[in-house]
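1. need a 3D model of the sequence below.
(chains A and B)
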Number of protein chains: 2
Amino acid sequence: MPYAIDELQEIIGNLRTELVEPIDSGGVNNTRLGRDRVERMSAEVVDSNPYSRLMALQRMNIVKDYERIRDKAVAIVGVGGVGSVTADMLTRCGIGKLILFDYDKVELANMNRLFFTPNQAGLSKVAAAGATLNFINPDVEIEMFNFNITTVDNFDRFLNAISQGGRIAGQPVDLVLSCVDNFEARMAINAACNERNLNWFESGVSENAVSGHIQFIRPGDTACFACAPPLVVAENIDEKTLKKEGVCAASLPTTMGITAGFLVQNVLKYLLNFGEVSDYLGYNALSDFFPKMTLKPNPQCDDSNCLVRQMEFQAKPKPVVVEEKADNEEPLHATNEWGIELVAENAPEINPTSTETPVVGEGLKLAYEAPEKSSETSEETVTTAPPDDASLEDLMAQMKSM
Amino acid sequence: MPYAIDELQEIIGNLRTELVEPIDSGGVNNTRLGRDRVERMSAEVVDSNPYSRLMALQRMNIVKDYERIRDKAVAIVGVGGVGSVTADMLTRCGIGKLILFDYDKVELANMNRLFFTPNQAGLSKVAAAGATLNFINPDVEIEMFNFNITTVDNFDRFLNAISQGGRIAGQPVDLVLSCVDNFEARMAINAACNERNLNWFESGVSENAVSGHIQFIRPGDTACFACAPPLVVAENIDEKTLKKEGVCAASLPTTMGITAGFLVQNVLKYLLNFGEVSDYLGYNALSDFFPKMTLKPNPQCDDSNCLVRQMEFQAKPKPVVVEEKADNEEPLHATNEWGIELVAENAPEINPTSTETPVVGEGLKLAYEAPEKSSETSEETVTTAPPDDASLEDLMAQMKSM
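-> The predicted structure follows:
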């Protein structure tokens, strides 16, 4: 028996209400309406201002000009346990632009990490993430690429995206963040960033879920991913042969969230010029231990673009450090509960090709040692500063003759 | 002009589709359907299993029996920047039960931290969080209290909830987590946990957003929050007088997320008996520095229940450590990229009432010093072990005569 028209109109009214208004006094799927765009970041202290607590960093003398973050573009490769939280944090911080790369789908097996929700199972990670991020902060420009960067064609598209996709069209992004779970993708990012001379952060979480790390790689200045590669890369092992059927890596939302937190915190320090950016920061969850170190580039690196960047870096006059930071010398707030103070910490510097056993941070060991034969030449190259009048061309010629 | 019945039915069909199916290829508000409940946690490696990556912790020899987490109940006081992420992580880990306390509303000004979304502005934090958490993992039992625990009546309800609200009705919760932003609430949690002899974690983030800490408090064993209070508590200052009109604290999703990560990681280590639980772990974002220490209880603590717990703890025969942990001695996986290894770290122990200047961890200073007059008595009380035949009653009598 068909419904009467008024009954049907009532059903329509109820369905429309359900679509727009909060249900069950909760807030999960209650409305499609997020918030309107905000023209400029304001420091005004009102509940409706999504940027008041970020702009307060200026009043607290932590950041000089927070709103500069709107001019920054960051590429994130891998939108999984670390990458999705990284994107979430940067979006909430009001970053200018994010470019996301992934080719995986959301699964229920991902629900033990933050960010994705069960209703997104089956969607591509970039589409699901893009929609959520846009909903959280519509001021952030988001570009998405649903492909594997390691294939030949896609690698070119990746190269193009990171070197042309900055906030100013045609300019490169300010940083590339690697949040992938395999070495092939890391090597692809490394090759791209060495070629285009782009700074990037490596990140990773161990398969037993209880350690993680971030590493800041500045081509020519610090070791690239090929300078001191993990054994699996150095020995040219196909990673896929290491994975067993019916076996998966463990993961925890804690370790992933902490690693993403370390990553984004150092990204903010770098982009907004405050504090000290760590070259390498590790996290061991079992003992709450945090190794730090700096890795120098390897003059026998297999990546020829890395060698070019090393020559350029050595030829470059060292920049005078301009004190752009806000004055942090004021006394801490009276409610600085445990009287935590800053202290200088000397991170050990590592030259992976030194003839002597390199001094690494407590609790760390190197996964890779340079071949014995080349160690003398290499040390000379690293420790001998080029003559003042050496041009880049001279150095390049020297390098070619090696 | 009224619609024809078939037109109305088509509208109904479209609205129902919109309610259930993904829209815009995104995933924000696309469906009310999350996932079905799961009877038992399975280690099966299939995409549809939300617990496969957690159960893998057993195969990786990190946790002996992961599913014990379903027997655990945790109370979270404060569901803001740290508390909401804490609840999110524990929910995704499949904790048995969460009890949430807060009396605040979600505002757009909270959007610079993880978890809440703009559409939740105006909802109570506990209701918004409860709905999201239930949607993420319907296996977790969630209880919500929308009140301020520091008022007289509510304090009794709080006491009752934490001492009766465990997974077995009438039993206490396994842990209380303080994620509040003021000292009055911390002192209320401290009083309740000292009275009911419940272990709890303190957490906090500085007003300039660049440092945080967690502290594990075991009544009688470690310093309680009143044993070595921050100056604002020790001097009985009304915190409200410290806050200025039109001024707000700075906050960052990074620092909040890292602090929540440290908190939940240590909660997991404690509840599931793996790794070492830190007594105090700090985080300084500007230099990536992580102070650790242990604070001994103060024998002149103002909280009389703390003194009772101290006497009980000293009288208690020290338990023999049962090696319940899974065997961690197997070689790390071949893809342990940076060769991170575990090392023992000796956290300094602090006795806040020692006559000598206490040795604190590098970069830390005490906010509070015990009055000079009582230091001799106190030191004796702490360092002299009770005679072997002293009963708890004897000790209580000694204490009363002090």
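2. can you get me the start-to-end distance on stretch A:66-82?
-> 24 Å (Cα to Cα, to the nearest Å).
3. got the buried residues for that stretch?
-> Buried residues in stretch A:66-82, counted by 16 or more other Cβ atoms under 10 Å in any protein chain shown: A:66-67, A:69-70, A:72-82. For the C-beta atoms, the positions are set from N, CA and C on the backbone; glycine is no exception.
4. ok, longest helix in chain A?
-> helix A:253-272 (DSSP state H).
5. quick one, it and helix B:253-272 angle?
-> 160 degrees (axes from the mean of the first three to the mean of the last three Cα atoms, to 10 degrees).
6. touching chain B at all, helix A:253-272?
-> Yes: Helix A:253-272 comes into contact with chain B (Cβ under 8 Å from any Cβ of the partner chain), by way of A:253-255, A:257-258, A:260-262, A:264-266, A:268-269.
7. any of those residues buried? List them.
-> A:253-255, A:257-258, A:260-262, A:264-266, A:268-269.
8. so which of those comes closest to A:D174?
-> For those, the minimum distance to A:D174 (Cβ to Cβ) is 11.7 Å, reached by A:L268.
9. I'd say that closest one and B:T255 touch.
-> No: contact criterion Cβ atoms under 8 Å: A:L268 and B:T255 do not qualify, at 10.0 Å.
10. will you turn the residues of helix A:253-272 next to chain B into JSON lines that also has distance to B:Q164 and pLDDT?
-> Formatted as JSON lines, the residues of helix A:253-272 next to chain B follow (distance: Cβ to Cβ, whole Å; pLDDT from 0 to 100):
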{"residue": "A:P253", "distance to B:Q164": "29", "pLDDT": "98"}
{"residue": "A:T254", "distance to B:Q164": "28", "pLDDT": "98"}
{"residue": "A:T255", "distance to B:Q164": "33", "pLDDT": "98"}
{"residue": "A:G257", "distance to B:Q164": "31", "pLDDT": "98"}
{"residue": "A:I258", "distance to B:Q164": "33", "pLDDT": "98"}
{"residue": "A:A260", "distance to B:Q164": "37", "pLDDT": "98"}
{"residue": "A:G261", "distance to B:Q164": "35", "pLDDT": "98"}
{"residue": "A:F262", "distance to B:Q164": "39", "pLDDT": "98"}
{"residue": "A:V264", "distance to B:Q164": "40", "pLDDT": "98"}
{"residue": "A:Q265", "distance to B:Q164": "40", "pLDDT": "98"}
{"residue": "A:N266", "distance to B:Q164": "45", "pLDDT": "98"}
{"residue": "A:L268", "distance to B:Q164": "44", "pLDDT": "98"}
{"residue": "A:K269", "distance to B:Q164": "46", "pLDDT": "98"}
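11. low-confidence stretches in chain A?
-> Within chain A, the ranges that satisfy pLDDT under 70 run A:1-3, A:10, A:12-33, A:230-246, A:321-402.
12. can you tell me the residue of the stretch 51-200 of chain A closest to chain B?
-> Here the stretch 51-200 of chain A gets closest to chain B at one residue, A:A131, 2.2 Å apart by Cβ to the nearest Cβ.
13. what number of residues lie near that residue?
-> Each residue near A:A131 was counted by other Cβ atoms under 10 Å in any protein chain shown, and the total is 23.
14. would you check how far apart it and A:V264 are?
-> Look at A:A131 and A:V264: by Cβ to Cβ, to the nearest Å, they are 21 Å apart.
15. one step back: which of the buried residues of stretch A:66-82 come close to chain B?
-> Filtering these for proximity to chain B by Cβ under 8 Å from any Cβ leaves nothing.
16. list the ones among these that fall in strands.
-> If you go by DSSP state E, these have A:73-77 in strands.
17. returning to what we had before: what is the longest helix of chain A packed up against?
-> helix A:83-92, strand A:175-178, strand A:200-205, strand A:211-217, strand A:280-284, helix B:83-92, helix B:253-272 (3 or more Cβ pairs under 8 Å, 6 or more residues apart in numbering or on different chains; DSSP states H and E).
18. among these, which comes closest to A:R157?
-> Comparing the helices and strands packed on helix A:253-272 under Cβ to Cβ, the one sitting nearest is strand A:175-178, at 14.2 Å.
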